[in-house]
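S.K.: all I have is the shape, not the residue letters:
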DNA sequence: CTAGCCTATGATTCAAATTCATATTTTTCA
DNA sequence: TGAAAAATATGAATTTGAATCATAGGCTAG
């Protein structure tokens, strides 16, 4: 009778489809294969006897019934999420603390908006940022001085900690539009050698370019440091050197022609962010939700950011 | 991450649990086994680490988190149903006609309320009742003079028609409280033999007692007929004879002591109602929904009615 | 205490969702 | 336009997990 072929899973898919604009990207976000979503869609479409999306449309358009199901997803999924939170509040202890240890300057760019959203969902959770800019924040977790640590790259699996993938971003080289290197399609380690590299005043292993590109290539350019991103960009714009920053931090400046960006290496330099928690904390819904929310919000609002397996 | 263990299926289960007050009854309603629901519950409960229902409570009480999920089900499921209707309106032709052929007098008791509810959900569907009180309404389906026929008992499977189970009800014998047979716990065919049987003025094979009980026993009591249920009951109450009617039609009269009821046969006489449609009509969502709604509403509002496999 | 009803559970079966491998289509850019 | 890259579709294999079956355990009422 009321054979409910439709499940929440499908609504998640439809929402991801709308958010990402493509089947493959939606699959990434949902931690599924593209094939899985394609099959899911086919099941729904044969069930309804009509397509949900218009095949061969670049920004992915929904048909009328696709729209209607999307609307359903948009109203229903938040209600489900809210119920989940309420249930978690009942089953797990009342409130909780969430102290977040961050390594990198730029992380504030996405952490702050995510925290703002989170606060509306979990008002009772005490949120804190611990920013000593330590090169290794994991000991903070062990010593129970933080519940969550944002770290670069996937560390070796550990018994006591869990690593949750956040997202992947591209670090790009920045230079003034007049800079001689702007003629190149991408920068090699040698290109950096003769330049002044403008960075935050932190250790090398906290700088993506050094750790993953120039370090392995044994290139160590001259340095100049600035505390603030704007200061770095100002130095870059005035030709004092080149910098390397995550693509998302500089989108505006590039659009305005203030500076130009070039890939680091032929393939570009991609970096990965993970959230680390203790195994216990990973069980707590309020922490789990913070990670999921951060991930989702960052993926949809930051440029040049993509999902991570 | 946001591992949605919860699915619409679970919400359906929780709602059925609340509606029926027991796991087994809920299973019947959902066309699942009791075991299936028990397993479902266990999955949810181990996931949340807490029970959803209080074990060993007769009318089945929900825990706090069970309540919360029930609340979710009650808000979400209607939204999903509405979306389903909207999608059906898009994919299948605009409006539709639904002409219902009924065999039995009593069917109006549950058909009318169901039709009222249905009209609010599918206002564009033209609803009609065809009540010639024919003993076999199936030809009406074949001749496309009706879209749905309510019939007694499961007929032999046919290629061109689909039979949808509606529900099971008990037909009970009715007599005045002073009647000598009221001393018996249940009535045998012989008990009927010496009595006057008061019935609607229709053929024998449309009367449950005759068709399924007295007919096979070759008992053919004296008759007296009346058009209206109240008239039959009046005759019964005044000792002019006994009657046999579905339990749900006479609930009030029995409670007030106007008449008393006794099972027909030691096990009671149970009858089955089915909705028949053409195979094509069974595909149409608006017809399918009518059947589902009728079934559900009758099961929850009529006394002495139970689910049918 | 026993019969009857309801629920729980392990084992098995069955269905369905996902992945894998690959084909097909579409897009991009030289 | 052609070739490479990206995105999507699809059949088969695999894996997951949901339902049933068979049965045991509990509770209630007579």
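M.R.: Received it, and whenever you're ready, just let me know what you need. As the structure is a computational prediction, the values presented were derived from the model and not from experiment. Residues are numbered from 1 along each chain as shown, chains lettered A, B, ... in the order given.
S.K.: okay, now the closest residue to residue A:21 other than its chain neighbours: neighbour count?
M.R.: Among residues not flanking residue A:21 along the chain, residue A:60 sits closest, at 4.7 Å (C-beta to C-beta, 6 or more residues apart in numbering or on different chains). Heads up, the C-betas are built off the backbone N, CA and C, glycines and all. If you count neighbours by other C-beta atoms under 10 Å in any protein chain shown, residue A:60 ends up with 18.
S.K.: pretty sure residue A:60 is in a strand, no?
M.R.: No - applying DSSP: H, G, I helix; E, B strand; the rest coil, one finds residue A:60 to be coil, outside a strand.
S.K.: for chain B, see how far away it is.
M.R.: Computed with C-beta to the nearest C-beta, to the nearest Å, the distance linking residue A:60 and chain B is 19 Å.
S.K.: who touches the helix or strand of chain A with the lowest mean pLDDT?
M.R.: None of the helices or strands of chain A scores lower by mean pLDDT, DSSP states H and E than helix A:251-255, at a mean of 80. With C-beta atoms under 8 Å, 6 or more residues apart in numbering or on different chains as the contact definition, helix A:251-255 has outside contacts at A:174, A:233, A:237, A:259, A:260, A:261, A:303, A:304.
S.K.: would you mind listing what in the stretch 51-200 of chain A touches DNA strand D?
M.R.: A:55, A:60 (C-beta under 7 Å from any atom of the strand).
S.K.: ranges for the strands of the stretch 51-200 of chain A?
M.R.: A:97-102, A:126-130, A:148-152, A:161-175, A:196-199 (DSSP state E, counting those that start in this stretch).
S.K.: of those strands, which is nearest residue B:293?
M.R.: The closest of the strands of the stretch 51-200 of chain A to residue B:293 is strand A:161-175. By C-beta to C-beta, the value is 44.5 Å.
S.K.: is stretch A:35-46 anywhere near DNA strand C?
M.R.: Yes - applying C-beta under 7 Å from any atom of the strand, one finds stretch A:35-46 in contact with DNA strand C at A:35, A:36, A:39, A:40, A:43.
S.K.: any idea which residue is closest to the centre of chain A?
M.R.: Geometric centre of chain A, nearest residue: residue A:167, 3.6 Å, by C-alpha atoms, centre = their mean.
S.K.: what sits closest to that residue if chain neighbours are left out?
M.R.: That would be residue A:305: by C-beta to C-beta, 6+ apart, it lies 5.0 Å from residue A:167.
S.K.: partners of the one you found in the sheet?
M.R.: The partner list for residue A:305 in beta bridges (DSSP bridges) reads residue A:169.
S.K.: tell me who's in contact with it.
M.R.: A:167, A:168, A:169, A:247, A:248, A:298, A:299.
S.K.: out of those, who has the most neighbours?
M.R.: Counting by other C-beta under 10 Å, top hit in the contacts of residue A:305: residue A:169 with 25 neighbours.
S.K.: what pLDDT is listed against that one?
M.R.: Note on residue A:169: pLDDT of 89.
S.K.: that one reaches residue A:246, doesn't it?
M.R.: Yes - counting by C-beta atoms under 8 Å, residue A:169 does reach residue A:246; the two are 5.0 Å apart.
S.K.: residues in contact with the closest residue to DNA strand D within the stretch 101-250 of chain A?
M.R.: Residue nearest to DNA strand D within the stretch 101-250 of chain A: residue A:170 (13.0 Å; C-beta to the nearest atom of the strand). Listed by C-beta under 8 Å, 6+ apart, the contact partners of residue A:170 are A:246, A:247, A:263, A:268, A:269, A:270, A:271, A:304.
S.K.: hmm, 7 Å instead?
M.R.: A:247, A:268, A:269, A:270, A:304 (C-beta atoms under 7 Å, 6 or more residues apart in numbering or on different chains).
S.K.: which residue is the nearest non-sequential neighbour of the first one?
M.R.: So the one you mean is residue A:247. Nearest in space to residue A:247, with sequence neighbours left out and distances taken as C-beta to C-beta, 6+ apart, is residue A:304 at 3.4 Å.
S.K.: and the one residue in the stretch 201-309 of chain A that gets nearest to DNA strand C, what element?
M.R.: At 9.9 Å from DNA strand C, residue A:309 is the closest residue in the stretch 201-309 of chain A, using C-beta to the nearest atom of the strand. Under the criterion DSSP states H and E, no helix or strand holds residue A:309.
S.K.: how about the contacts made by the residue lying closest to it once chain neighbours are set aside?
M.R.: Take residue A:309 and drop its neighbours on the chain: the residue closest to it by C-beta to C-beta, 6+ apart is residue A:165, 6.7 Å away. When contacts are counted by C-beta under 7 Å, 6+ apart, residue A:165 touches A:274, A:308, A:309.
S.K.: ok, what's across the strand from the first one?
M.R.: Put plainly, it is residue A:274. Going by DSSP bridges, residue A:274 is paired in beta bridges with residue A:151, residue A:165.
S.K.: what about it, distance to residue B:71?
M.R.: According to C-beta to C-beta, to the nearest Å, residue A:274 stands 36 Å off from residue B:71.
S.K.: before we move on, what about the second one?
M.R.: Look at residue A:308 and residue B:71: by C-beta to C-beta, they are 35 Å apart.
S.K.: more neighbours: these two, which one.
M.R.: Neighbour totals were compared for residue A:308 and residue B:71, and residue A:308 leads with 19 against 15 (other C-beta under 10 Å).
S.K.: you'd agree that one is up against residue A:167?
M.R.: Yes - the criterion here is C-beta atoms under 7 Å, and residue A:308 meets it with residue A:167 at 5.4 Å.
S.K.: residues from the stretch 1-150 of chain A in reach of DNA strand C?
M.R.: Contacts of the stretch 1-150 of chain A with DNA strand C, taken as C-beta under 7 Å from any atom of the strand, map to A:7, A:9, A:31, A:32, A:33, A:35, A:36, A:39, A:40, A:43, A:56, A:58.
S.K.: also near chain B: which of these, exactly?
M.R.: Here is what survives when those are matched to chain B using C-beta under 7 Å from any C-beta of the partner chain: A:7, A:9.
S.K.: what about burial for the residues of the stretch 1-150 of chain A next to DNA strand C, which qualify?
M.R.: Neighbour-count burial (16 or more other C-beta atoms under 10 Å in any protein chain shown) applied to these gives A:7, A:32, A:40.
S.K.: same for the helix ranked longest in chain A, what does it pack against?
M.R.: When chain A is parsed with DSSP state H, its longest helix is helix A:64-91. Packing partners of helix A:64-91 (3 or more C-beta pairs under 7 Å, 6 or more residues apart in numbering or on different chains; DSSP states H and E): helix A:8-20, helix B:64-91.
S.K.: if we go to 8 Å?
M.R.: The contact analysis (3 or more C-beta pairs under 8 Å, 6 or more residues apart in numbering or on different chains; DSSP states H and E) places helix A:64-91 against helix A:8-20, helix A:285-301, helix B:64-91.
S.K.: what are the buried residues along that helix?
M.R.: For helix A:64-91, by 16+ other C-beta under 10 Å, it's A:65-70, A:72-73, A:76-77, A:80-81, A:83-89.
S.K.: and what of stretch A:102-115?
M.R.: Neighbour-count burial for stretch A:102-115, with 16+ other C-beta under 10 Å as criterion, is recorded at A:102, A:103, A:104, A:105, A:106, A:107, A:109, A:110, A:111, A:114, A:115.
S.K.: now those residues as TSV including pLDDT?
M.R.: Conversion of the buried residues of stretch A:102-115 to TSV gives the following (pLDDT from 0 to 100):
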residue	pLDDT
A:102	89
A:103	80
A:104	80
A:105	79
A:106	80
A:107	86
A:109	86
A:110	92
A:111	93
A:114	95
A:115	96
